[in-house]
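# Structure, please.
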Amino acid sequence: MPLNIAIDGPSGAGKSTLAKKLASKLGILYLDTGAMYRGIAYFVLEKGIDPAFADSVVPLLKDINMGIEYDSASGVQQIIINGENVTPYIREHRISFAASTVSKIPEVRIKLVELQRIIASENDCVLDGRDIGSYVLPDANVKIYLDAAPAVRAKRRYDELSEKSMLNGMSFEEILADVNKRDYQDMHRDFAPLVVAKNAVVLDTSAMTADEVMQKVLEICDKCK
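Sure thing, here's the model as predicted:
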């Protein structure tokens, strides 16, 4: 049976950073599920559709053929939609809230969860997202729920966008407002909301460095063997 490690939590808690390093350390696959939802959001926005309008989004799903590829040089997961690599575009700030919005649509989640489960059933892997341990892989060997104070997560996001020259004039206060809005949306969606999964270990990263988080999670993984 493949080793599956589920890492859940709100935006900016450090899930992706941890998942990538953990997968590399353990020599297993990293599946960035959030990037998959961002890919759908990008496709929807490019079609001029409001991601909040499920009746308009659902008909588009049949036209989306998503593939996952890995760049061996960088180790970065590539999201391919209908033959186009959309990875360079899905980290734009406008995609973040759109991804959270479109992920509330059950048909979107069902489409992507099916693909995620197939990949996890065939590979030892680390998956991060909002509902991995609670819905996608409820029988995962290890379940981690990463959290941090909203202001800490907003600062991380602000610094990340600033470093990449992608702030586009946004202030810290605006990003914090987006973080709080996205938290509420993720936690209150009707289908597979963000929750602490059964048997998950909750880890607050507010005052922890990435290396400290990594060490703690390795200890948790060792105990779950």
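
# drop to CA atoms for contacts and neighbour counts, all remaining ones
Noted.

# May I see the buried residues of the worst-scoring helix or strand of the chain on mean pLDDT?
Least confident helix or strand, the chain: strand 66-70 with a mean of 87, by mean pLDDT, DSSP states H and E. Neighbour counts over strand 66-70 (16 or more other CA atoms under 10 Å) mark M66 as buried.

# Poorly predicted segments of this structure, please.
72, 74-75, 225 (pLDDT under 70).

# Please, where are all the helices along this protein?
15-26, 33-46, 54-61, 93-102, 106-122, 150-163, 172-188, 210-223 (DSSP state H).

# Serialize the ones you listed to TSV and add fields for distance to E84 and mean neighbour count.
Compiled in TSV, the helices of the chain are given as follows (distance: least, CA to CA, whole Å; neighbours: other CA atoms under 10 Å):
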stretch	distance to E84	mean neighbour count
helix 15-26	23	18
helix 33-46	11	22
helix 54-61	16	15
helix 93-102	17	20
helix 106-122	18	15
helix 150-163	24	17
helix 172-188	28	17
helix 210-223	33	14
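
# how about the nearest residue to the most centrally placed residue in the chain, chain neighbours excluded?
Nearest to the mean C-alpha position of the chain, by CA atoms, centre = their mean, lies G34 at 2.7 Å. Spatial nearest neighbour of G34, excluding adjacent residues (CA to CA, 6 or more residues apart in numbering): G129 at 5.7 Å.

# So the one you found sits against M36, correct?
No: applying CA atoms under 8 Å, one finds G129 not in contact with M36, separated by 10.1 Å.

# what do these two both touch?
Residues touching both G129 and M36 (CA atoms under 8 Å, 6 or more residues apart in numbering): there are none.

# before we move on, back to that, the residue nearest to G34 and D55, how far apart?
25 Å (CA to CA, to the nearest Å).

# Next: E107.
Shown here: E107 relative to D55, a distance of 11 Å by CA to CA.

# Contact partners for Q185?
S100, T101.

# go with 6 Å
By CA atoms under 6 Å, 6 or more residues apart in numbering, the contact set of Q185 is empty.

# cool, the one 4 residues further on as well?
Shown here is R189, whose contacts under the criterion CA under 6 Å, 6+ apart are K104.

# quick one, what contacts L31?
L127.

# in the sheet, who's paired with it?
L127 (DSSP bridges).

# burial count for the closest residue to D204 other than its chain neighbours?
Closest residue to D204 apart from its sequence neighbours, by CA to CA, 6+ apart: D147 at 4.7 Å. By the criterion of other CA atoms under 10 Å, D147 has 20 neighbours.
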